[in-house]
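Trainee: Here is my input; please provide its structure:
(one chain, ligands or ions: 1)
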Amino acid sequence: MHIPEQLVIRPPSEANSLLVRVVRGCNWNRCLFCGIYDFYETPYSIREVEDVKKDIDALAEMYGDQFETAFLGDANPLDLDTDFLVEVLEHLHNQFPSVQRVTAYARSSSLWKKSLEDLKRIREAGLHRLHVGMESGSNKVLALHKKGTNQDQHIASGKRVMEAGFELSYYLLLGLGGVRLWEEHVHDSAKVISEVKPHFLRVRRLWIHPLSRLNPKIEASEFEPQKPEGTVIELRDFLNALEAEGTVFTCDHVNNYIRIQGKLMQDKQALLDYINKFLALPDKVKASHYESIPSVI
Ligand code: SF4
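Mentor: Numbers count the residues shown, from 1 in each chain. Next up is the predicted model:
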């Protein structure tokens, strides 16, 4: 029997999804804060379309048509040819007619290279939502971490993706500017989100793995990690600067010090009040809370 390939990671919101690997690893794989595909020894390679279709057939045999959602991995399937994606998506929907939502990770730089027509073809073939690691809207922060994209690409590609009819989910990484660039990180990230107004904004906290590519920069004093309380202040100031009507704002990852969720702009003040209430707690209480939060990928 054919054994389908497994993904390395998926977003928490895809915990119950059918997982289909269309590409191995990340075609960029240079972001200093990441290294996930090195940890799991997964170099980048493109799969043959027939092999992906064989995986889908095997998954259909193993599980039957029981999924409502599916996720395409690994890191950035949107860098693949449009024809490849359309063929995979059509086969997936034929084999799993109950699937109502298909999502994938995507880099802004890859989306930026796709025309509106290509994006519409992919959307119409049945890819519904894109998870984009914005990480920061600051060009300085993006360059520091070798993200390989910039503020203009985040904004232009985000708007094009929305125009093509996708649901868009952007990710922000608190602490990415470190102690020196945090204000610019917060301000410019809020600018991107306020312009694009994605459907979802998902907040994460930078966790520096012992084998992180960032460690040499820290040792050379080129990057000073943010303190726990600093990331909470970043969260507050970022939220305060947002003008993104309709965006669902969520800290849906266990490594967030503050786990809040709400819809902008209606819930903005209540979310800010919650953060300020936390910040007003005694230092000892806050310190013990920070220690209780796990650091995980
Ligand atoms: S953060 Fe995303 S784009 Fe950057 S190396 Fe990791 S998987 Fe690739």
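
Trainee: contacts, neighbours, all on C-alpha from now
Mentor: Will do.

Trainee: what's the distance between Gly246 and Met265?
Mentor: As judged by Cα to Cα, to the nearest Å, Gly246 and Met265 stand 7 Å apart.

Trainee: typed the wrong thing, it's Leu144
Mentor: In this view, Leu144 and Met265 are 31 Å apart by Cα to Cα.

Trainee: just how off-centre is the longest helix seen in the chain within its chain?
Mentor: The helix that spans the most residues within the chain, counting by DSSP state H, is helix 178-196. Taking the mean of its C-alpha atoms, helix 178-196 sits 16 Å from the chain's own mean (Cα atoms, centre = their mean, to the nearest Å).

Trainee: Repeat that for stretch 59-71.
Mentor: On Cα atoms, centre = their mean, the centre of stretch 59-71 falls 23 Å from the chain's centre.

Trainee: what's the straight distance from one end of that stretch to the other?
Mentor: End-to-end distance (Cα to Cα), stretch 59-71: 13 Å.

Trainee: mind listing what's buried in that stretch?
Mentor: By neighbour count with 16 or more other Cα atoms under 10 Å, stretch 59-71 contains the buried residues Leu59, Ala60, Phe67, Thr69, Ala70, Phe71.

Trainee: Any idea how far the helix or strand where the fifth one lies is from the middle of the chain?
Mentor: Translated: Ala70. Using DSSP states H and E, Ala70 maps to strand 69-73. Relative to its chain's centre, strand 69-73 lies at 14 Å (Cα atoms, centre = their mean).

Trainee: So for Ile297, what's the pLDDT?
Mentor: The model reports Ile297 with a pLDDT of 69.

Trainee: ok, now Met1?
Mentor: 83.

Trainee: Number of residues surrounding it?
Mentor: Applying other Cα atoms under 10 Å, we find 5 residues neighbouring Met1.

Trainee: Who are the contact partners of it?
Mentor: Ala58 (Cα atoms under 8 Å, 6 or more residues apart in numbering).

Trainee: now it: how far from Lys217?
Mentor: Distance from Met1 to Lys217, by Cα to Cα: 47 Å.

Trainee: And Pro97, by the same measure?
Mentor: For Pro97, the distance to Lys217 - Cα to Cα - is 49 Å.

Trainee: One more: Val132?
Mentor: 25 Å.

Trainee: need the residues of the stretch 51-200 of the chain near the ligand, please.
Mentor: Ala75, Lys147 (Cα under 6 Å from any ligand atom).
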